[in-house]
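**Q** Dropping a prediction and its sequence here:
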Protein chains: 2
Amino acid sequence: MSPIAATNPNQNDNLGGAESETPDAETFGSDELLLTEIDHVAIAVRDLAAAIDFYRDTFGATVDHREVVESDGVEEALLKVADSYVQLLTPTRDDSPVAIYLDKKGEGLHHVGYRVDDCAAALQSVKDHGGRVIDQAPRPGSRGTTVAFVHPKTSFGTLIELVEE
Amino acid sequence: MSPIAATNPNQNDNLGGAESETPDAETFGSDELLLTEIDHVAIAVRDLAAAIDFYRDTFGATVDHREVVESDGVEEALLKVADSYVQLLTPTRDDSPVAIYLDKKGEGLHHVGYRVDDCAAALQSVKDHGGRVIDQAPRPGSRGTTVAFVHPKTSFGTLIELVEE
């Protein structure tokens, strides 16, 4: 059973078409695709320089943007692939979530970022459908974006970041 | 140290610009971006129907393609996001790699697929740069693609699929 179904008995409303509510700007239903792009796949690595070398040498993917995000305790390098990014992440301190992740799970895929037009609205849709969120409200992300994280517990083990440019 | 550096002392050639070789069709260097798109992020789930519900209800993402890939022991549902896909994967038998993955690591991000123009050439570039591969040669993937998997051991913990449409 879906973890959503346990908390939101209305999740299948869209199947029956029996709902009489008219969608408006405040109502995000399943008819509207809120995800406009895979913004990035984030990969946790121990040695950022070595990972950058690997993607450059093997695939010709180069660094488009690099930033230390002190609030998250990470340094990131973004490699542009079409309109998306490969986000290489490494911790800047021992107590950062990515450091803890590396200790527990090792290097590899950490989260996926989906681009959205309206981060607050997408986050609200997660809450409305019984999803657990990490950020209760949108906050600043890297490269000037506005972001919010969705907890993997209610999204089938996947840590999801909603990214508004 | 990069796992690549241990096997390929020439990995930093492109930094010096001292190489005199002229790139040709047989030579894939770092100047050419081989990745044309994030083809998909693959997510291993236990209950495919419930995961499809979650993405549809919460984000309005719907199934664009669905396929059982017997050779890999998986059923997949592809949700289209711009020119990429969210690939929801569930095992069709207990000995499939995805079943083993779920037992060991639980649900979540399983691999990333990068779209390439030439799967054989991209795979060769991985080998040329000291990368370990799972598929020695390209093979048929889902939805009529040609694919090859790169081993996570030499790609910083990330299982990479190269996808030629």
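**A** Looks like it arrived, so ask away. Numbers count the residues shown, from 1 in each chain, chains lettered A, B, ... in the order given.
**Q** Test my guess that residue A:85 contacts residue A:55.
**A** No. Here residue A:85 lies out of contact with residue A:55, judged by Cβ atoms under 8 Å, at a distance of 11.2 Å. All C-beta spots, glycine's among them, are computed from the backbone N, C-alpha and C.
**Q** what residues do these two have in common as contacts?
**A** Residues touching both residue A:85 and residue A:55 by Cβ atoms under 8 Å, 6 or more residues apart in numbering or on different chains: residue A:79.
**Q** The two: who's more crowded?
**A** Neighbour count, other Cβ atoms under 10 Å in any protein chain shown: between residue A:85 and residue A:55, residue A:85 has more, with 26 against 22.
**Q** Tell me who's in contact with that one.
**A** Contacts of residue A:85 (Cβ under 8 Å, 6+ apart): A:39, A:40, A:41, A:64, A:65, A:78, A:79, A:113.
**Q** who's in contact with the residue lying closest to residue A:95 once chain neighbours are set aside?
**A** Nearest in space to residue A:95, with sequence neighbours left out and distances taken as Cβ to Cβ, 6 or more residues apart in numbering or on different chains, is residue A:73 at 6.8 Å. Residue A:73 makes contacts with A:91, A:92, A:93, A:95, A:96, A:97, A:98, A:99, as judged by Cβ under 8 Å, 6+ apart.
**Q** Kindly report the same for residue A:140.
**A** A:146, A:147.
**Q** And for residue A:128, the neighbour number?
**A** Residue A:128 has 15 neighbouring residues, counting by other Cβ under 10 Å.
**Q** Give me the pLDDT value at it.
**A** Per-residue pLDDT puts residue A:128 at 96.
**Q** give me the low-pLDDT residue ranges for chain A?
**A** A:1-30 (pLDDT under 70).
**Q** can you give me the strands in it?
**A** A:35-44, A:63-69, A:74-81, A:84-91, A:108-116, A:139-140, A:146-150, A:160-164 (DSSP state E).
**Q** Just the CA atoms of the helix ranked longest in chain A, as PDB, please.
**A** Ordering each helix of chain A by length in residues (DSSP state H) puts helix A:48-59 first. C-alpha atoms of helix A:48-59 as PDB (Å, rounded to 0.1, in the frame of the first residue of the first chain):
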ATOM      1  CA  LEU A  48      35.200  16.400  -5.400                       C
ATOM      2  CA  ALA A  49      38.200  17.100  -7.600                       C
ATOM      3  CA  ALA A  50      38.600  13.400  -8.500                       C
ATOM      4  CA  ALA A  51      34.900  13.200  -9.400                       C
ATOM      5  CA  ILE A  52      35.100  16.300 -11.600                       C
ATOM      6  CA  ASP A  53      38.100  14.700 -13.300                       C
ATOM      7  CA  PHE A  54      36.200  11.500 -14.000                       C
ATOM      8  CA  TYR A  55      33.200  13.300 -15.600                       C
ATOM      9  CA  ARG A  56      35.400  15.600 -17.600                       C
ATOM     10  CA  ASP A  57      37.800  13.000 -18.900                       C
ATOM     11  CA  THR A  58      35.300  10.200 -19.600                       C
ATOM     12  CA  PHE A  59      32.300  12.200 -20.800                       C
END
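**Q** What is the distance between that helix and the centre of its chain?
**A** Centre-to-centre, helix A:48-59 and its host chain are 23 Å apart (Cα atoms, centre = their mean, to the nearest Å).
**Q** how about that helix: buried residues?
**A** A:48, A:50, A:51, A:52, A:53, A:54, A:55, A:56, A:57, A:58, A:59 (16 or more other Cβ atoms under 10 Å in any protein chain shown).
**Q** residues contacting the residue nearest to the last one when sequence neighbours are not counted?
**A** If you skip the residues right next to it in sequence, residue A:59 has residue B:34 as its closest partner in space, 4.8 Å away by Cβ to Cβ, 6+ apart. When contacts are counted by Cβ under 8 Å, 6+ apart, residue B:34 touches A:58, A:59, A:60, A:61, B:28, B:116, B:117, B:121, B:122, B:125.
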